[in-house]
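Novice: following is a predicted model, sequence given first.
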Amino acid sequence: MTAAHSRHQSTGGGNPVAPPAGRTAADVVTPELVARLTHPVAGTGRTVSHTPFTGKVLAELPESTPEDVAAAFARARAAQRRWAGVPVRSRAAVLTRFHDLLLARQSEVLDLIQLETGKARLHAHEEVQAVAVAARHYGLAGPGYLRPRRHIGVLPLLTKVTELRVPRGVVGQIAPWNYPLELSVGDALPAFAAGNAVVMKPDTETALTALWARELLVEAGLPEDLWQVVLGEGPVVGPAVVAHADYVIFTGSTRTGREVAQGAAVRLVGCSLELGGKNAMVVLDDADVDKAAAGAVRACFSSAGQLCISVERLFVHSSVAGRFLDRFTARTRAMRLGASLAYGADMGSLASERQLAAVTRHVEDAVAKGATVLAGGRPRPDIGPLFYEPTILDGVGPEMTVCAEETFGPVVSVYRFDQEDEAVERANATPYGLNSSVWTRDARRGRAVAARLRSGTVNVNEGYAAAYGSVRAPMGGMGDSGLGRRHGAEGIMKFTEAQTVAEQRVMPMAPAFGLDDQAYARLLTGGLRALKTLRLR
């Protein structure tokens with residue numbers, strides 16, 4: 001018996017299992033599908049992907065070399081020059097058509113997401129929701145973000161100034177495995193609307209989802225060569241993508257993000273990075289504990305906790321901790337685990353042996369040092385090789401690895417507090433700053449606490465979905481959680497360069513009409529004073 005099991009307080013036989021569905025990976029991922037989706041991949045080698053549900057090979061895929069990456073960028077550059085000349089409204093219309101196709105054919109991609117990531121179908125549908133929202137937003141609002149803007153010139157009426165937004169060129173994208181639809185095409189959509197091409201390296205294990213999205217976007221009207229896909233090992237293909245890109249977008253670990261940023265900095269190209277997190281949820285003394293407990297299940301265990309913005313630290317006011325934990329623990333123990341290609345499971349599998357090993361190490365280390373398992377705390381090989389029960393740890397201290405290190409799995413640590421200031425201070429006591437959550441019946445109090453939390457997004461009475469899904473507003477991290485933002489104006493403007501065009505009329509920016517230098521200087525001095533009096537900015 002392991003140390004984790006010796007301190008296990010949950011009862012019964014563990015989390016229940018959702019009923020299986022009839023379809024299997026072989027029914028979905030056929031040789032014909034793989035051949036069709038991988039046809040455009042620039043790759044002269046061969047590799048394979050696996051499904052977490054069984055650990056078996058899912059598909060044989062092309063594998064790219066650095067030379068293949070260079071060739072992909074060459075094709076993308078040629079396509080981008082033509083695409084930049086397409087009116088922005090026509091580019092944006094591709095996104096709105098893609099939106100409709102995605103919703104109509106979502107069952108196809110839900111199967112692929114589940115098979116490639118191991119997540120439950122409802123959590124796979126979160127990706128469809130997020131991508132549809134982004135496609136609608138940038139399809140409809142993109143032309144407004146990118147329209148030329150008039151500015152007051154240095155000499156009003158005499159200087160006409162227009163700000164243009166020029167596409168950067170070819171965007172290099174390195175997408176992760178945990179949200180293979182949302183963090184591939186979802187991030188690429190504003191880049192396309194802004195007039196760029198994209199060369200993307202998805203994770204090999206989740207490449208079919210990204211390739212399906214590419215095929216659908218081409219069906220919606222995107223030129224085929226505008227979105228190039230390369231596959232291969234991150235240390236080989238990733239640097240090659242950074243080496244050719246005019247701008248880089250990366251989602252992944254903080255360690256790799258630093259390397260990507262260094263590679264971009266050497267070439268003086270910009271980058272946007274969404275990195276790790278150790279996200280906090282704060283349950284205040286006036287919170288509705290039933291709603292908070294239900295919200296905590298979603299916040300902690302969606303996609304088996306393999307979500308950059310999911311909650312790993314749970315701070316609960318001492319006065320409500322007992323009632324909250326009773327409800328939260330009961331809900332967590334009742335979660336149905338499952339590996340079927342159907343709705344009904346509350347949580348799926350971890351995605352890889354590496355993630356399972358990290359979760360196991362964190363839990364066993366915590367229990368060995370005195371923590372108590374209130375729910376979960378064990379793998380479930382009876383369901384699949386990478387399943388692990390949703391886990392609640394109590395009594396976690398700073399000497400435990402799980403206290404500060406990102407787990408990226410279905411594990412949450414519970415901490416009690418007595419004062420609001422204490423909760424804020426402890427929630428902020430991390431180098432990360434991606435997402436946080438506050439629960440209270442007092443909306444004004446919730447907003448006040450949210451303003452004190454150091455994270456790029458804060459959700460009041462929700463775990464993560466409210467802020468992430470509100471695509472008119474920016475989303476991203478502070479501190480070690482990254483640089484830049486997706487969504488909103490910044491989510492599309494980052495894919496452009498600002499170009500100022502100033503047209504001077506009537507008189508030059510120099511002495512004219514017989515004025516000597518001194519008279520010109522007096523004229524400008526008076527003019528500058530007048531502009532300040534008129535409060536022209």
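Specialist: Alright, I've got the coordinates. What you are looking at is a predicted structure, and each value in this text was computed from that prediction instead of being measured. Residues are numbered from 1 along each chain as shown.
Novice: below-threshold pLDDT in this protein: ranges please.
Specialist: 1-12 (pLDDT under 70).
Novice: how close does the one residue sitting closest to the centre of it sit to Ile249?
Specialist: The residue lying closest to the centre of the chain (CA atoms, centre = their mean) is Leu183, at 5.5 Å. As for Leu183, its distance to Ile249 is 9 Å (criterion: CB to CB, to the nearest Å). Where you see a C-beta, it was placed from the backbone N, CA and C, and this is true even at glycine.
Novice: now swap in Arg354 and tell me
Specialist: 23 Å.
Novice: now what about the host helix or strand of Gly526, what contacts it?
Specialist: Secondary structure assigned from DSSP states H and E places Gly526 in helix 517-533. Residues from elsewhere that reach helix 517-533, judged by CB atoms under 8 Å, 6 or more residues apart in numbering: 155-156, 510-512, 515.
Novice: those residues into a markdown table, with extra columns for distance to Arg97, secondary structure and neighbour count?
Specialist: A markdown table is the format used below for these (distance: CB to CB, whole Å; DSSP: H, G, I helix; E, B strand; the rest coil; neighbours: other CB atoms under 10 Å):
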| residue | distance to Arg97 | secondary structure | neighbour count |
| --- | --- | --- | --- |
| Leu155 | 46 | coil | 16 |
| Pro156 | 43 | coil | 13 |
| Ala510 | 52 | coil | 9 |
| Pro511 | 57 | coil | 16 |
| Ala512 | 54 | coil | 10 |
| Leu515 | 59 | coil | 14 |
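Novice: in TSV: those residues, plus distance to Val458.
Specialist: Shown next, in TSV, are the contacts of helix 517-533 (distance: CB to CB, whole Å):
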residue	distance to Val458
Leu155	44
Pro156	41
Ala510	52
Pro511	56
Ala512	56
Leu515	57
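Novice: quick one on the thing from earlier: more crowded one of Arg354 and Ile249?
Specialist: A direct count of neighbours by other CB atoms under 10 Å for Arg354 and Ile249 places Ile249 higher, at 27 against 11.
Novice: now do the same contact list for that one.
Specialist: Neighbours of Ile249 in contact, by CB under 8 Å, 6+ apart: 171-174, 187, 191, 271-273.
Novice: pick the one among these closest to Pro148.
Specialist: Closest approach to Pro148 among the contacts of Ile249 (CB to CB): Ala191, at 19.8 Å.
Novice: where's that closest one relative to Ala93, distance?
Specialist: 16 Å.
Novice: the two - which one has more neighbours?
Specialist: Ala191 (27 against 19).
Novice: farthest-apart pair in the contacts of Ile249, please.
Specialist: Farthest pair in those, by CB to CB: Ala191 and Leu273, 15.2 Å.
Novice: still on that earlier bit, drop anything exposed from the contacts of Ile249.
Specialist: Using 16 or more other CB atoms under 10 Å as the burial test, these include 171-174, 187, 191, 271-273 as buried.
Novice: between those, which is closest to Pro379?
Specialist: Ile174 (30.1 Å).
Novice: from the contact counts, what lies against whichever strand or helix holds Asp187?
Specialist: Per DSSP H and E, Asp187 falls inside helix 185-193. With contacts taken as 3 or more CB pairs under 8 Å, 6 or more residues apart in numbering; DSSP states H and E, helix 185-193 sits against helix 88-104, helix 121-146, strand 170-174, strand 197-201, helix 207-219, strand 247-251, helix 488-493.
Novice: out of the ones you listed, nearest to Ala371?
Specialist: helix 121-146 (26.7 Å).
Novice: from the chain's centroid, how far away is the closest one?
Specialist: The chain centre lies 13 Å from the centre of helix 121-146; the measure is CA atoms, centre = their mean, to the nearest Å.
Novice: check which helices and strands it sits against.
Specialist: helix 88-104, helix 106-117, helix 185-193, helix 465-469, helix 488-493.
Novice: and the angle from it to helix 207-219?
Specialist: For helix 121-146 against helix 207-219, the angle by axes from the mean of the first three to the mean of the last three CA atoms, to 10 degrees is 40 degrees.
Novice: need the contact list for Val260.
Specialist: 174, 238, 242, 248, 250, 271, 273 are the contacts of Val260 under CB under 8 Å, 6+ apart.
Novice: right, I'll leave it there.
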